[in-house]
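Q: Here is the input, now give the coordinates:
(chains A and B)
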2 protein chains.
Amino acid sequence: MSPPAQAGLIAALREIVGADRCLAREAELVAWECDGLTLHGSRPSAVVLPRDKHEVARVVRACRRFATPFVARGAGTGLSGGAIALDGGVVIECAKLDRILTVDVENRLAVVQPGVVNAALSAAVRPYGLFYAPDPSSQLACTIGGNVAENSGGPHTLKYGTTAHHVLALELVLPDGELLRLGSPTGFAPGVDLVGAVVGSEGTLGVVVEATVRLTPIPEATETLLAIFPDVVSACRAVGAVITSGLVPAAMEIVDRRTIAAVEASVYAAGLPLDAGAVLLVELDGPAEALPGQVERIRALCAAEGARVERARDEAERERFWRARKGAFGAMGRIAPDLYVHDAVVPRAKLPEVLERVGEICDRRGLRLANVFHAGDGNLHPNISFDRRDPDELARVLAAGREILEACVAAGGVISGEHGIGTEKRDYMCLVFAEDDLDAQRRLRAAFDPDGVCNPGKVLPTPRFCAEANPKARGYDRVPL
Amino acid sequence: MSPPAQAGLIAALREIVGADRCLAREAELVAWECDGLTLHGSRPSAVVLPRDKHEVARVVRACRRFATPFVARGAGTGLSGGAIALDGGVVIECAKLDRILTVDVENRLAVVQPGVVNAALSAAVRPYGLFYAPDPSSQLACTIGGNVAENSGGPHTLKYGTTAHHVLALELVLPDGELLRLGSPTGFAPGVDLVGAVVGSEGTLGVVVEATVRLTPIPEATETLLAIFPDVVSACRAVGAVITSGLVPAAMEIVDRRTIAAVEASVYAAGLPLDAGAVLLVELDGPAEALPGQVERIRALCAAEGARVERARDEAERERFWRARKGAFGAMGRIAPDLYVHDAVVPRAKLPEVLERVGEICDRRGLRLANVFHAGDGNLHPNISFDRRDPDELARVLAAGREILEACVAAGGVISGEHGIGTEKRDYMCLVFAEDDLDAQRRLRAAFDPDGVCNPGKVLPTPRFCAEANPKARGYDRVPL
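A: Numbering: from 1, shown residues only, chains lettered A, B, ... in the order given. This next block holds a predicted model:
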């Protein structure tokens, strides 16, 4: 953008939100240059902090007048570069849209602005015996708007589903600046389900300015088990046995040997045996009478795979068990300055073979790998510790990343479970989609955003990239007439 | 279509599927003139019965060559006219696409063709301890393809959700004849969620030729309660009390006094007291140890609203209880030759006042109303018995229908819960959507079907219809810049 156009844009934005809520000086913009994926960065031309949906709509219209793209951003905890502004775009920071507008206990729903922090919503409705079920690991910081954009999951996705299962209605500022309501608080919406299309679209169809979400009764009782296995393969087999038995735990999380070592060497130390091959954390919730029987069944299924099983006797012990899982990312920070948190999904039954392959890929390249993962969902998080200042190591990390995704796809999986595509995996979309499939997604996106101003450069690769990169993609049937 | 063009189309279709699977004689077409909504009818130019997805794709391409619209059809049990071919279109009857392709027990999923009957899928996976959860009342006849099109619910939607919650992936023939795969068997699909957009789109975005659906473990135990209330308002209050208590029954169904009378006078007689104001059927399922406590809590909550509660002691008694609910539509056939089964959703807390208003609307017009409904979901089914040969009564039925929908929308509800919009409610979409909202849905549809050949004339009213019919619609915010 030319300097006069840039000045005109900033003036227009300041007129809408006031000078104190429109940041445009270089020093002010630094914090918005990247998100949780620190590898990718891009400086926005401005950051605005609107206070209501009408300000959002006016900001979007101003951006259009100056032919400038925009991106909505919550807490910036996303791990795929989805919340950075490419091409000198404007960041619409939703931090000040942080009000819970309605809590409707009888109909079990809440209406919130997008900047409400995930854990704050659960805290606010706890007095009514309710909670907001999706619980991404970043839930103390991340916001509902970001959760909607990424269709966030979390450890309890196994029983409760992802964000998509908990969003009843949305209000959206479309890329043309109009407000649009989608869905219905009743959970039944006639016509084409645009809520389903918007949840998980990574901010590419518009800016969510209000979300009506389902609240869930807090389960009467919870039991947390920690099963210590000789190796990760037997832990995976136990997960399969639990699922096949018909039990539906709230969470089943595996932490591997290398992660245990990192956690035990850190402030998160949970007293795990360092010689364990893997630990499996199982959480059960539901009516108090039902849990003792389920605990015994889980215990037996894990023991059959060679595990020793501990049961949390109180809340303190439950927190200690979870520390092994939740402290993993923090603990990894001791190993190397940078951490690449990967995210992919494979059919549950394929977990052992894919984990072995991931280990082999990293070993071959001399990379430090540790695995923590949502085993019940088949959602892997191979974490690679590295130092980005070492260009050779960085290159090996990126090459291993691609190979890991290829291995997951070859096993019938997909390239993202909960972290999104963003800029990170845009060019890997061709691993799972053929050019025609991507075109269908492009057409839907263009129906909302014909001029490509709403978080451009994310999710979908540029046309023809895939055809060149991967001419065969998946073997789709072409139909002769 | 001119007779020569028509002959050319039929010849092309016969070349694809063979003469015996292409019906075009007047006498053969009668059965496809209407669906479960017998009020609306339209004769197709042909009915084809493809045997595989490639035949479907070739049929779609042939239709395009002859500029003829097409509509996919399952068992035709839909209640909103969604499966009839308008404008002399071709019906693609999916009855012969009835194979279960894969049952993957370990990953709890099945891959099926669209013509698989809903109940047949559950029967096929029962030996593995699994079932397919969505259970529309027509489940002995209706097909998975139709369920996907309508996002079908059923009595157990309260706990298990609608079809959208159980579809992992789809394969679709697009309106241009190309095959497209959407979603992923893992349940995690990167990019824009087109599965969510297709489920519930009533066959307007393409023809589903394969569905990958989630299977659910059969619950260990089931309890069925029948609570007999002095009036329908106290039954509704009990439903609210159960929900607020944090219990999540599998089903909560209310049958009103007039429905009881019809059922008891029919072959479905379930031994219900004729002086009951309403009965509430509550089904609980889950771990065996958990149910006795829940049964007692439900009993107490119902008793507090004046109910007498019976508990099914065996499977025969459970079936008797359900007969009151499931026999309702059949029993109504004794009262008058025609039955208009309405479908709308209101916030649960508004049930008593809306039911009263619905009763008043029908009484004022001298119409015979009976209510059976998914009370836990707020999903009403006011049923009006009538004789369509009486034009005056028919006019009153249609006028009451519109007024009922208006009352539901005024109470914060929507115009369809599970039966869809189809032709029936197309022109009522403006009750809930403003012209801009409908435009967003039209844009999405055009992204799939730019030429409007895929089940045209359904779901969305023609542009400007709404503006003329209801210039104010809902009070959407218009944003001044």
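Q: Name the residue of the stretch 101-250 of chain A that lies nearest to chain B.
A: Proximity of the stretch 101-250 of chain A to chain B (Cβ to the nearest Cβ) peaks at residue A:196, 2.2 Å away. Bear in mind the C-beta positions are built from the backbone N, C-alpha and C, glycine included.
Q: pLDDT score for that residue?
A: Note on residue A:196: pLDDT of 89.
Q: mind checking how far the closest residue to residue A:134 other than its chain neighbours is from residue A:200?
A: Closest residue to residue A:134 apart from its sequence neighbours, by Cβ to Cβ, 6 or more residues apart in numbering or on different chains: residue A:163 at 4.8 Å. As for residue A:163, its distance to residue A:200 is 8 Å (criterion: Cβ to Cβ, to the nearest Å).
Q: do the same with residue A:115
A: 19 Å.
Q: Which positions in the stretch 1-150 of chain A make contact with chain B?
A: Listed as neighbours of chain B in the stretch 1-150 of chain A under the rule Cβ under 8 Å from any Cβ of the partner chain: A:53-54, A:57-58, A:61-62, A:104-108, A:129.
Q: Let's see that with 10 Å instead.
A: Residues of the stretch 1-150 of chain A found near chain B (Cβ under 10 Å from any Cβ of the partner chain) are A:12, A:16, A:53-58, A:60-62, A:64-65, A:80, A:104-109, A:128-130.
Q: Mind checking which of those land in helices?
A: If you go by DSSP state H, the residues of the stretch 1-150 of chain A next to chain B have A:12, A:16, A:53-58, A:60-62, A:64-65 in helices.
Q: Now the residue nearest to residue A:44 when sequence neighbours are not counted, what are its backbone angles?
A: For residue A:44, ignoring the flanking residues on the chain, the nearest one in space by Cβ to Cβ, 6+ apart is residue A:85 at 3.8 Å. Main-chain torsions, residue A:85, degrees, to the nearest 10: phi -90, psi 110.
Q: same question, residue A:84
A: Backbone dihedrals for residue A:84, given as degrees, to the nearest 10, come out at phi -100, psi 150.
Q: Next, count neighbours for the closest residue in space to it that isn't next to it in sequence.
A: Distances taken as Cβ to Cβ, 6+ apart place residue A:42 nearest to residue A:84, at 4.9 Å, with adjacent residues excluded. Counted with other Cβ atoms under 10 Å in any protein chain shown, residues neighbouring residue A:42 total 17.
Q: Double-check that residue A:42 belongs to a strand.
A: No - per DSSP: H, G, I helix; E, B strand; the rest coil, residue A:42 lies outside any strand segment and is coil.
Q: tell me the contacts of it?
A: Taking Cβ atoms under 10 Å, 6 or more residues apart in numbering or on different chains, we find residue A:42 in contact with A:32-34, A:71, A:81, A:84-89, A:423, A:457.
Q: If any of those are buried, give me the ChimeraX selection for them.
A: Buried members of the contacts of residue A:42, defined by 16 or more other Cβ atoms under 10 Å in any protein chain shown, are picked up in ChimeraX with:
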select /A:32,34,71,81,84,85,86,89,423,457
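Q: Closest one to residue A:189 out of the contacts of residue A:42, please.
A: For the contacts of residue A:42, the closest approach to residue A:189 (Cβ to Cβ) belongs to residue A:71, at 26.7 Å.
Q: Please give the element, helix or strand, for the closest one.
A: Here residue A:71 sits within strand A:70-73, counting by DSSP states H and E.
Q: Give me the helices and strands touching that strand, please.
A: Judged by 3 or more Cβ pairs under 10 Å, 6 or more residues apart in numbering or on different chains; DSSP states H and E, strand A:70-73 is in contact with strand A:46-48, helix A:53-65, strand A:90-93, helix A:144-150, strand A:207-214.
Q: can we see that at 7 Å?
A: strand A:90-93 (3 or more Cβ pairs under 7 Å, 6 or more residues apart in numbering or on different chains; DSSP states H and E).
Q: which helix of chain A spans the most residues?
A: Using DSSP H to define each element, chain A has its longest helix at helix A:391-410.
Q: list the buried ones in the next helix or strand after that helix?
A: Per DSSP H and E, the first helix or strand lying C-terminal to helix A:391-410 is helix A:435-448. Along helix A:435-448, these residues count as buried under the neighbour rule (16+ other Cβ under 10 Å): A:435-445, A:447-448.
Q: would JSON lines of these with pLDDT and distance to chain B be doable?
A: Compiled in JSON lines, those are given as follows (pLDDT from 0 to 100; distance: Cβ to the nearest Cβ, whole Å):
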{"residue": "A:435", "pLDDT": "87", "distance to chain B": "11"}
{"residue": "A:436", "pLDDT": "84", "distance to chain B": "6"}
{"residue": "A:437", "pLDDT": "86", "distance to chain B": "6"}
{"residue": "A:438", "pLDDT": "89", "distance to chain B": "8"}
{"residue": "A:439", "pLDDT": "88", "distance to chain B": "9"}
{"residue": "A:440", "pLDDT": "86", "distance to chain B": "6"}
{"residue": "A:441", "pLDDT": "89", "distance to chain B": "5"}
{"residue": "A:442", "pLDDT": "91", "distance to chain B": "9"}
{"residue": "A:443", "pLDDT": "89", "distance to chain B": "4"}
{"residue": "A:444", "pLDDT": "88", "distance to chain B": "5"}
{"residue": "A:445", "pLDDT": "92", "distance to chain B": "6"}
{"residue": "A:447", "pLDDT": "91", "distance to chain B": "4"}
{"residue": "A:448", "pLDDT": "92", "distance to chain B": "7"}
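Q: Now for the residues you listed: which two are most distant?
A: Most distant of the buried residues of helix A:435-448, by Cβ to Cβ, are A:435 and A:448, 21.0 Å apart.
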